[in-house]
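Novice: Quick one, what's the 3D model for this:
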Amino acid sequence: MNPALSIALLLTGLQVAGGQKVTSLTACLEDQSLRLDCRHENTTTVPMQFEFSLTRDAKKHVLFGTIPEHTYRSRTNLTNRSTLKVLYLSGFSSRDEGLYTCELYLPGQPPSFSNRNVSVLRDKLVKCRGVGLLAQDASWLLLLLLSLPLLQAMDFVSL
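Specialist: Have a look, this model is predicted:
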């Protein structure tokens, strides 16, 4: 192999290894859907692929990824952000219990690069908290309401 090519491949691998890894995987119940939040680092421009899977009865079932199983295609929905992948599995029931995995990997590379697991039991799931801006932190709204008279006095706002 050409030494320059070997060095380029090694540097690409090192860039990815230092730039993207799964930092957490959490599960909660939202209505009748399982929600999996896969948080990861994203400090590189190298494109990564990802996969959500369920291991049940010693068998891996791909929920979302390059080749998802037909059984789950109609039940899954994904929200993809730069450092967060959110998978929804609708109609979640006890037959969907098992070990869920979020995995990041380089395209065309067989070994797993970075993953996290979470064991999911329906009876042990917590309900998802609201993720809207108001539900997370309403202090900015209170500050705005309290500062309106000051802004009016300074002619920044006219009501």
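Novice: Surely Leu146 is in a strand?
Specialist: No - counting by DSSP: H, G, I helix; E, B strand; the rest coil, Leu146 is not part of a strand but helix.
Novice: For the protein, which segments are assigned as helices?
Specialist: Using DSSP state H, the helices of the chain run over residues 3-19, 70-73, 133-136, 139-153.
Novice: where in this structure is pLDDT low?
Specialist: Residue ranges of the chain with pLDDT under 70: 1-19, 44, 46, 106, 108-112, 130-145, 151, 156-159.
Novice: now do 80
Specialist: Within the chain, the segments meeting pLDDT under 80 span 1-20, 42-48, 66, 105-113, 130-159.
Novice: Quickly list what Leu29 is bridged to.
Specialist: Judged by DSSP bridges, the bridge partners of Leu29 are Leu34, Lys127.
Novice: That one and Tyr88, how far apart?
Specialist: To Tyr88, Leu29 is 11 Å away according to C-beta to C-beta, to the nearest Å. All C-beta spots, glycine's among them, are computed from the backbone N, C-alpha and C.
Novice: cool, Val120 as well?
Specialist: Distance, Val120 to Tyr88, using C-beta to C-beta: 13 Å.
Novice: more crowded one of these two?
Specialist: Neighbour count, other C-beta atoms under 10 Å: between Val120 and Tyr88, Val120 has more, with 21 against 17.
Novice: give me every residue that touches the nearest residue to the more buried one once chain neighbours are set aside.
Specialist: Once flanking residues are discounted, Val120 sits nearest to Ala27: 4.9 Å by C-beta to C-beta, 6 or more residues apart in numbering. When contacts are counted by C-beta atoms under 8 Å, 6 or more residues apart in numbering, Ala27 touches Leu34, Arg35, Leu36, Asp37, Tyr100, Val118, Val120, Leu125.
Novice: Next up, the contacts around the third one.
Specialist: The neighbourhood of Leu36, defined by C-beta under 8 Å, 6+ apart, consists of Leu25, Thr26, Ala27, Phe52, Val86, Leu87, Tyr88, Leu89, Tyr100, Cys102, Val118.
Novice: if we can go back for a sec, out of the contacts of Ala27, which comes closest to Lys59?
Specialist: Distances from Lys59 to those, taken as C-beta to C-beta, are shortest for Tyr100 (13.6 Å).
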